[in-house]
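**Q** Mind folding the following:
(one chain, ligands or ions: 1)
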Amino acid sequence: MNAAAALPAATDAALDVARVRDDFPILAREVYGKPLVYLDSAASAQKPRQVIDAESAVYEEEYANVHRGVHYLSQAATDRFEATRRRVRAFLNARSEDEIVFVRGGTEGVNLVARSWGRTALKEGDEILISTLEHHANIVPWHLLAEEKGLVVKGVPIHEDGQIDMDAYRDLLTERTKLVAITQMSNALGIVTPIEEIVRLAHDAGARTMVDGCQAVSHGAVDVRALDCDFYVFSGHKVYGPTGIGALYGKAELLESMPPWQGGGEMIARVSLERSTFKKPPHRFEAGTPAIAQAIALKAALDYVAGLGLDRIAEHEAMLLDYATERLSSLDGVTIYGTHPNKASILSFNLEGAHPHDVGTIVDRDGVAVRVGHHCAQPAMQRYGIPATVRASFALYNTLDEVDALVASLAKVREFFA
Ligand code: PMP
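**A** Got it, this is the predicted structure:
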């Protein structure tokens, strides 16, 4: 079954952005007396009314702790919490909801894999392959583990256009490679990687695979079964859901083989003063009280994007990205980083003679919110010999007028630094 098949049907018509914008209360606000132009959804997406309402409804109507009460409210909250797990299963097209572990977000998902699977399955001298495109969340946990266990972390380089160098990848994959941990989409450059091929080659070489889907999930349908990756992580807040909730997908047989990574309530089968035994996955990996309302509202977010249709969202964002790329290229002194055609929704650039932080601060006064800095992707910045970029990221609620507002504001910056 395809993930989309289980979701509310979307129609063929193009995205009705004006109507969509009405769903996002924050988009009606002004900053510094100017309409807000929010171009920082890659850092965190704004929330539709449907998600905000779902989260407050939990507190107003059905809040209690989950998995531990016999009383009505606890059972109601548990049912809804577990309904999100089923929803995430369909969203990723996992085989079973037992393959879906709730985590705080992508960062926690990677750390879980490193601490549990990595700590037990890897031994001294084993190699982990990451890439120059990775977010620090998919680098630092491996460095920490490498330090502890004597592992070697190697980075697959990228071409000048930002795409993974697949020849270099093939050369780096050896019998020593035990894990390939690579992103499906770069948060710094917007590059979409050939992740199917990356996973296939890794498996051919006998390595396990972990895909960082934090950026990818809001721009197109994901099918972990077709992808055949061993692990997949994403954060709810980047797909229009709440903060503090995300998911780790792991193949059932792998999760089954993994020890707990945190101990506490709700992950045990039995505890005596001398020893503990543990539940089966996914509960084995979910110690303590989870983000209950946030998990329940994540379902509303996934229903929301499915209702609009991920294909239609991707089409709209591609149109915005093409237009923004064309308009920005017409400005003098603009360098765009990440020019490979396989990219989505993110435009990372610098203006000659202007520090990215100054650019961000000046356009902010026009109400335009962009991200400036290294985007927690310092190896990508190092690849281009720059400390930082300006990043405009587009989401389902952005418009061509907003791209014009960005370009008009950047033209002012150019004059300022001319
Ligand atoms: N990976 C990528 C590609 C990301 O963009 C991010 C968030 N910027 C993360 C991982 C980490 O996600 P979070 O901060 O939600 O845990």
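**Q** Extract the C-alpha trace of stretch 326-344 and format it as PDB.
**A** The C-alpha trace of stretch 326-344 is given here as PDB (Å, rounded to 0.1, in the frame of the first residue of the first chain):
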ATOM      1  CA  GLU A 326      15.500  33.700 -11.400                       C
ATOM      2  CA  ARG A 327      14.800  37.000  -9.600                       C
ATOM      3  CA  LEU A 328      17.700  36.800  -7.300                       C
ATOM      4  CA  SER A 329      20.100  35.900 -10.200                       C
ATOM      5  CA  SER A 330      19.100  39.200 -11.800                       C
ATOM      6  CA  LEU A 331      20.600  41.100  -8.800                       C
ATOM      7  CA  ASP A 332      24.300  42.100  -9.100                       C
ATOM      8  CA  GLY A 333      26.800  40.300  -6.900                       C
ATOM      9  CA  VAL A 334      24.600  37.400  -5.800                       C
ATOM     10  CA  THR A 335      26.100  34.000  -5.400                       C
ATOM     11  CA  ILE A 336      23.700  31.100  -5.000                       C
ATOM     12  CA  TYR A 337      25.100  28.000  -3.200                       C
ATOM     13  CA  GLY A 338      23.500  24.600  -4.300                       C
ATOM     14  CA  THR A 339      22.800  24.900  -8.000                       C
ATOM     15  CA  HIS A 340      22.200  21.200  -8.800                       C
ATOM     16  CA  PRO A 341      18.700  20.900 -10.300                       C
ATOM     17  CA  ASN A 342      17.600  18.300  -7.700                       C
ATOM     18  CA  LYS A 343      16.700  20.800  -5.000                       C
ATOM     19  CA  ALA A 344      13.600  21.900  -3.100                       C
END
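**Q** which outside residues touch it?
**A** 159, 161-163, 185-186, 188-194, 215-216, 219-220, 314, 317-318, 321, 325, 346-353, 380, 384, 386, 389, 403-404, 407, 410-411, 414 (CB atoms under 8 Å, 6 or more residues apart in numbering). In short, each C-beta sits where N, CA and C put it, glycine included.
**Q** Is it positioned near the ligand?
**A** No. Stretch 326-344 is not in contact with the ligand by CB under 6 Å from any ligand atom; minimum separation 12.0 Å.
**Q** Show me what from the stretch 301-418 of the chain comes close to the ligand.
**A** Residues of the stretch 301-418 of the chain lying near the ligand (CB under 6 Å from any ligand atom): Cys376.
**Q** Now do the residue of the stretch 301-418 of the chain at minimum distance from the ligand against Ala269, distance only.
**A** The stretch 301-418 of the chain approaches the ligand most closely through Cys376 (5.9 Å), counting by CB to the nearest ligand atom. With distances taken as CB to CB, to the nearest Å, Cys376 is found 38 Å from Ala269.
**Q** quick one, which of the two is more surrounded?
**A** Cys376 (17 against 11; other CB atoms under 10 Å).
**Q** quick one on the thing from earlier: so the residue of the stretch 301-418 of the chain closest to the ligand sits against His136, correct?
**A** Yes. Here Cys376 reaches His136: they are 4.4 Å apart, a contact under CB atoms under 8 Å.
**Q** From the contacts of stretch 326-344, which land in helices?
**A** Residues of the contacts of stretch 326-344 located in helices (DSSP state H): 314, 317-318, 321, 325, 380, 384, 403-404, 407, 410-411, 414.
**Q** out of those residues, which is most surrounded?
**A** Ala380 (27 neighbours).
**Q** Val372: which element?
**A** If you go by DSSP states H and E, Val372 is part of strand 371-373.
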